[in-house]
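A.B. asks: with the input below, show me the fold.
(one chain, ligands or ions: 1)
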Amino acid sequence: MKNREKFMEQFKRLPTIESQLPVEFGNGAMFEEFNGKCNGCHETIEENNFRGIINKIKEEPVSSDNSLKTEEMADLIAYGCCSECHEITPFRYLLSAPEGQLTLSEVTETGIKKHKSKPFDYDNYLRNFL
Ligand SMILES: [Zn+2]
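C.D. replies: Below you'll find the model as predicted:
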């Protein structure tokens, strides 16, 4: 079986991002919708074509006055399957809401956004499921 087929099998087993929204933070802030563009044809990927995992993380950083400050975060890993060109586009964001202000931080360590023209690396992404 080709890696693309293997990946697509795993992809179909992932829950939709839509089904995991909204993400509600302890301070009342809400992350309600996720969208993104296809790396292949740059069309907007339909909302129900995103699958992946949203993990809630609770961090307790120590602030400068040594009091504990709780900040909730969510780690969003999503794969968007384009209905136009069938390309898979990966997304990874850390969501947080310090002082009720919703913040999205793109996780760039994989360098994916810098290599838009490269074909999707199925080998690399299959590892995430093993
Ligand atoms: Zn596309």
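
A.B. asks: how near is the closest residue to residue 28 other than its chain neighbours to residue 24?
C.D. replies: Excluding the flanking residues, the one nearest residue 28 by C-beta to C-beta, 6 or more residues apart in numbering is residue 100, at 6.5 Å. (C-beta placed from N, C-alpha, C; glycine too.) Separation of residue 100 from residue 24 (C-beta to C-beta, to the nearest Å): 12 Å.

A.B. asks: who has more neighbours, these two?
C.D. replies: Comparing residue 100 with residue 24 by other C-beta atoms under 10 Å, the one with more neighbours is residue 24, at 15 against 9.

A.B. asks: who are the neighbours in contact with the residue lying closest to that one once chain neighbours are set aside?
C.D. replies: Beyond its immediate neighbours in the sequence, the residue positioned closest to residue 24 (C-beta to C-beta, 6+ apart) is residue 30, lying 5.4 Å away. Going by C-beta atoms under 8 Å, 6 or more residues apart in numbering, residue 30 touches 22, 23, 24, 102.

A.B. asks: neighbour-wise, give me the winner out of those residues.
C.D. replies: residue 23 (19 neighbours).
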